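A.B. asks: got a sequence here, can you build the structure:
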Amino acid sequence: MKNDLVYKQATKEARWAIALTIFYMLGWCVLAYGFSIEKGLLGFPLWFELSCLYFPLLFSFIVYFCIKYVFQDLDLGGDDES
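C.D. replies: Now for the predicted structure:
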């Protein structure tokens, strides 16, 4: 019974990891290729600031909260009940 819960949680975490990866790739592509060459706040082109500075920072916070609230510390070792 315990293994079922471990596999269920591991599957949930794998789905979150895949979703976060897809979100990051799509977000980066939209921000990198969807904005013009105008100057941003720091003097770099806007597309660069959005895709390489601000989005990774925002994504780091998203990953932090996912790890804190979605992921769990699981014992993946075998049962020593023999």
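A.B. asks: can you read off the pLDDT for residue 49?
C.D. replies: We have a pLDDT of 91 for residue 49.
A.B. asks: that one is in contact with residue 38, isn't it?
C.D. replies: No - Residue 49 is beyond contact range of residue 38, at 10.0 Å (criterion: C-beta atoms under 8 Å). Bear in mind the C-beta positions are built from the backbone N, C-alpha and C, glycine included.
A.B. asks: so where's this protein uncertain?
C.D. replies: Where the chain drops to pLDDT under 70, the residues are 1, 76-82.
A.B. asks: all helices in it, in order from the N-terminus.
C.D. replies: With DSSP state H as the criterion, the chain has helices at 2-33, 46-48, 55-69.
A.B. asks: of residue 49 and residue 38, who's got more company?
C.D. replies: Taking other C-beta atoms under 10 Å, residue 49 and residue 38 do not tie; residue 49 has more neighbours (18 against 8).
A.B. asks: so how far is residue 32 from the residue nearest to the more buried one when sequence neighbours are not counted?
C.D. replies: With sequence-adjacent residues excluded and distances taken as C-beta to C-beta, 6 or more residues apart in numbering, residue 49 is closest to residue 40, at 3.7 Å. In this structure, residue 40 and residue 32 are 13 Å apart, going by C-beta to C-beta, to the nearest Å.
A.B. asks: joint contacts of these two?
C.D. replies: Jointly contacting residue 40 and residue 32 under the rule C-beta atoms under 8 Å, 6 or more residues apart in numbering are 48, 50.
A.B. asks: still on that earlier bit, return every residue with contacts to both of residue 49 and residue 38.
C.D. replies: Counting by C-beta under 8 Å, 6+ apart, nothing touches both residue 49 and residue 38.
A.B. asks: which one of the helices of the chain lies nearest to residue 75?
C.D. replies: helix 2-33 (7.7 Å; C-beta to C-beta).
A.B. asks: show me what counts as buried in the closest one.
C.D. replies: 13, 27, 28, 31 (16 or more other C-beta atoms under 10 Å).
A.B. asks: just send those back as JSON lines, with distance to residue 68 too.
C.D. replies: Shown next, in JSON lines, are those (distance: C-beta to C-beta, whole Å):
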{"residue": "13", "distance to residue 68": "13"}
{"residue": "27", "distance to residue 68": "21"}
{"residue": "28", "distance to residue 68": "23"}
{"residue": "31", "distance to residue 68": "25"}
